[in-house]
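Q: Give the three-dimensional model of this entry:
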Amino acid sequence: MTARMWLDLGVEIPMRDGTVLRADVYRAADDRPLPTLVHHPYQGRRSKEGLAVLVNPVTAFDHGYATVLVDARGTGDSDGEWRPFAGHDADGYDTVEWCAAQPWCDGSVGVYGSSGMGVTALRTAIAAPPHLRAALLAFTGGTYHDGWAYTSGVLELSWSQWWARVMGAGRLARLPAGPERDALAERFAAARDPWPSARRLPLTGGPVPAELAPWFHEWLAHRTYDDHWACVDSAAQAHRIKVPVLQVGGYFDTFMPGHLAVSRALQSHPDPFVRDNSRNVLGPWTHTSYMSNRPTSTGSRDWGPAADSGWRTMTPLLLDWFDRWMKPPAPRPPAEPRVRYFVMGEGTWRTSAAWPPPSTPLTLYLRGGGSANGAHGDGTLSTVPPPPGEPRDTFRYDPLDPVPTRGGATLAPAELGGDGIQDQTPIEERPDVLVYTSPVLPDPILIAGPVTLTLYAASSAVDTDFTAKLVDVEPGGFAANICEGIVRTRHRHGFDHDDLIDPGTPYELTVRLFDVAHSFAPGHRIRLEVSSSNFPRFARNLNTAVHPHDAGPGDAMTAVQQIFHDGDRPSCLTLPVLADG
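A: Predicted coordinates:
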């Protein structure tokens, strides 16, 4: 006889500070105790994000789980004030323990979430409630200064402004009717959509009134890594986790740096139970692939059914994970290796005992005769180091005419270049983009792990940015972006302080292009693009001592940028090559 499910709507869950969260509980009609899954959607517990992104609660019930969908604090029907990272520990802990005390729960609780909901799941795991048995984190990060609000010290402009608009609209809708709400609504509407406002300077004006997104304005104020960020640094606090964690992330996800920071922390966790049993899945996805109607795609590239990131993949993955830790004869640790990763270009899945897998560094030196501007210039990539005296490359960076974002690990809409893999040839026509290209490859080159660029550079400015992009040039000419990064010169020695540069002085800079697994096929070429902007993904540097957040149009200065590649300053790209590539 088929078990009957009972749905309790709007159940009140008290938090330790007196705030009441409200939830929908999917449980057995006869109160039979079941292992219980907890999810904290901030877009509403009956939204797509709540009901269908990772697992539908009806499907979970059919599989033997009760499910509790809780409106996060300050969202939906829950009381309190929503903030991106603060307060999730206590709310997650209290929710798990409340569930464990209910007659329909057998005392085993698991937490799951993606994106912002993944933050709550991760912070709950760090809070370590006694009845928590396992956690699943999808497409989320764990270092919120480096890899969420900022990347390499540079504001993730398009993403953060879009999120401020979305969450500001939700906060506005919760306000009681009256003159105050009407006034805020007028100010909110005046900003209109966030993309034109990305060009508005200074950035401290924000895309929404401070009353509707105070946390965004805090992000702008806390521009370096300080106590504001340290207290919610999940990677630094991952040693507190006491249960196995399954992570799912995408190479083209804005939050990938934070995902990998947590993964590294779990791989070195002091508790062997957590360290040996946590797992990591890395796929060729953007942040929104799993929520879209193209879950097998990354921008313009479709990887086919093997790379599905949607519910067809996530639901069985999730249920199998919690079965191992919450259902008899639990625990059943996974037998497969710790990491499963998709190799772009090859179109296959591989496994490894750790991330990154063992590799050999391949050094490709930037070479040329001093005219690497654009794809038709003389820039090359070579395994041969440059000789003394090789001419430097020069370009002018005008922050009022920045290089536009085109694909990558961003949440930009199609009209702003889209996300994921896009053809870079239009970008490579610009004179402020230096292009270095390898000879045609006779054999495949398979890389897996972090890609870095050592750049010897000088600027006429006291502060500026340098960007880098790894590109796979196909025989037909399509230039597919593989990974990318940025360095802000004032943060070259760390993200916790500013350190201006001396104009005209060469500096050795490290540009992190972050991690990827990709196979460059025979007949293809490896290409590196170097410039000083990727806008509006990253906030522009206006090339002045005034902080880029505070600088206005009148502060903007065109900078003359020099890239050196000679015997004393051998700028080079380092690729992690696998032996069987």
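Q: neighbours around residue 189, how many?
A: Neighbour count of residue 189, defined by other Cβ atoms under 10 Å: 9. No exception for glycine: its C-beta is placed from N, CA and C like everyone else's.
Q: What separation do you get for the residue nearest in space to the middle of the chain and residue 96?
A: Nearest to the mean C-alpha position of the chain, by Cα atoms, centre = their mean, lies residue 255 at 1.2 Å. Note on residue 255: its distance to residue 96, by Cβ to Cβ, to the nearest Å, is 24 Å.
Q: just residue 359 next, same as before
A: For residue 359, the distance to residue 96 (Cβ to Cβ) stands at 39 Å.
Q: what comes up buried for the helix ranked longest in the chain?
A: As assigned by DSSP state H, the longest helix anywhere in the chain is helix 157-174. For helix 157-174, the neighbour count (16 or more other Cβ atoms under 10 Å) marks 157-165, 167-168, 170-172 as buried.
Q: Now pLDDT too, for these, in JSON lines please.
A: JSON lines is the format used below for these (pLDDT from 0 to 100):
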{"residue": "157", "pLDDT": "92"}
{"residue": "158", "pLDDT": "89"}
{"residue": "159", "pLDDT": "90"}
{"residue": "160", "pLDDT": "91"}
{"residue": "161", "pLDDT": "88"}
{"residue": "162", "pLDDT": "87"}
{"residue": "163", "pLDDT": "90"}
{"residue": "164", "pLDDT": "90"}
{"residue": "165", "pLDDT": "88"}
{"residue": "167", "pLDDT": "90"}
{"residue": "168", "pLDDT": "90"}
{"residue": "170", "pLDDT": "89"}
{"residue": "171", "pLDDT": "90"}
{"residue": "172", "pLDDT": "90"}
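Q: one step back: between residue 359 and residue 96, which has more neighbouring residues?
A: In this view residue 359 and residue 96 are compared by other Cβ under 10 Å, and residue 96 has more residues nearby, 26 against 17.
Q: got a pLDDT number for that one?
A: The per-residue pLDDT reported for residue 96 equals 98.
Q: so what's it up against?
A: By Cβ atoms under 8 Å, 6 or more residues apart in numbering, the contact list for residue 96 reads 38, 109, 111, 124, 129, 131-132.
Q: Out of the residues you listed, flag the one nearest to residue 52.
A: Closest to residue 52 out of the contacts of residue 96 is residue 38 (16.7 Å), distances taken as Cβ to Cβ.
Q: Give me the distance between the helix or strand hosting the closest one and the centre of its chain.
A: Residue 38 belongs to strand 34-39 when assigned by DSSP states H and E. How far strand 34-39 lies from its chain's middle: 27 Å, per Cα atoms, centre = their mean, to the nearest Å.
Q: what's the following helix or strand after it?
A: The helix or strand immediately downstream of strand 34-39 is helix 48-51, counting by DSSP H and E.
Q: Buried residues, the helix or strand following that next one. List them.
A: Proceeding N to C from helix 48-51, the next assigned helix or strand is helix 57-62, under DSSP H and E. By 16+ other Cβ under 10 Å, the buried positions in helix 57-62 come out as 57, 59-61.
Q: Could you export the residues you listed as CSV, including pLDDT and distance to residue 204?
A: Output for the buried residues of helix 57-62, formatted as CSV (pLDDT from 0 to 100; distance: Cβ to Cβ, whole Å):
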residue, pLDDT, distance to residue 204
57, 96, 42
59, 96, 46
60, 97, 44
61, 97, 48
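Q: Among those residues, pick out the one closest to residue 241, please.
A: residue 60 (22.9 Å).
Q: roughly how far apart are that closest one and residue 73?
A: Distance from residue 60 to residue 73, by Cβ to Cβ: 23 Å.
Q: what's the answer for residue 402, then?
A: 38 Å.
Q: pretty sure residue 511 is touching residue 451, no?
A: No. Counting by Cβ atoms under 8 Å, residue 511 stays clear of residue 451, with 9.3 Å between them.
Q: which residues are common contacts for these two?
A: residue 485.
Q: rewinding a little: find the nearest non-adjacent residue to the residue nearest to the centre of the chain, please.
A: Once flanking residues are discounted, residue 255 sits nearest to residue 141: 3.4 Å by Cβ to Cβ, 6 or more residues apart in numbering.
Q: And for residue 443?
A: residue 522 (5.8 Å).
Q: Cross-check the contact I'm expecting between the one you found and residue 439.
A: No. Using Cβ under 8 Å, residue 522 is not in contact with residue 439, being 11.8 Å away.
Q: Helices of this protein, start to end?
A: Using DSSP H, helices in the chain cover 48-51, 57-62, 88-100, 115-127, 157-174, 179-191, 194-197, 214-221, 227-230, 256-267, 272-277, 311-326.
Q: Below-threshold pLDDT in the stretch 151-300 of the chain: ranges please.
A: Within the stretch 151-300 of the chain, the stretches with pLDDT under 70 are 192-198.
Q: repeat for the chain
A: Looking at the chain by pLDDT under 70, you get 1-2, 192-198, 581.
Q: hang on, the earlier thing: quick one: which of the contacts of residue 96 is nearest to residue 289?
A: residue 111 (22.4 Å).
Q: quick one, what contacts the nearest residue to that closest one once chain neighbours are set aside?
A: Nearest non-adjacent residue to residue 111, counting by Cβ to Cβ, 6+ apart: residue 121, 4.4 Å away. Residue 121 sits next to 39-40, 92, 111-113, 135-137, 140 when contact means Cβ under 8 Å, 6+ apart.
Q: nearest to residue 12, of those?
A: residue 40 (15.2 Å).
Q: Near the closest one, how many other residues are there?
A: Residue 40 has 31 nearby residues by other Cβ under 10 Å.
Q: separation between the residue nearest to it when sequence neighbours are not counted and residue 73?
A: Closest residue to residue 40 apart from its sequence neighbours, by Cβ to Cβ, 6+ apart: residue 120 at 4.1 Å. Distance of residue 120 to residue 73, given as Cβ to Cβ: 9 Å.
Q: any residues in contact with both of these two?
A: Shared contacts of residue 120 and residue 73, counting by Cβ under 8 Å, 6+ apart, come down to residue 91.
Q: More neighbours: which of these two?
A: residue 120 (29 against 25).
Q: Surely that one touches residue 72?
A: Yes. In this structure residue 120 lies within contact range of residue 72 using Cβ under 8 Å: 6.4 Å.
Q: what's the closest non-adjacent residue to residue 484?
A: Computed as Cβ to Cβ, 6+ apart, the closest residue to residue 484 that is not its neighbour in sequence is residue 469, at 4.4 Å.
Q: What residues are bridge-paired with that neighbour?
A: Applying DSSP bridges to residue 469 gives these bridge partners: residue 484, residue 529.
Q: Surely residue 387 touches residue 569?
A: No. Contact criterion Cβ under 8 Å: residue 387 and residue 569 do not qualify, at 12.0 Å.
Q: quick one, which of these two is more surrounded?
A: Legend: neighbour count by other Cβ under 10 Å for residue 387 and residue 569, higher for residue 569 (20 against 10).
Q: contacting residues around the nearest residue to the more buried one once chain neighbours are set aside?
A: Distance criterion Cβ to Cβ, 6+ apart; nearest residue to residue 569, sequence neighbours excluded, is residue 456 at 3.6 Å. By Cβ under 8 Å, 6+ apart, residue 456 lies in contact with 506-509, 563-565, 569-571.
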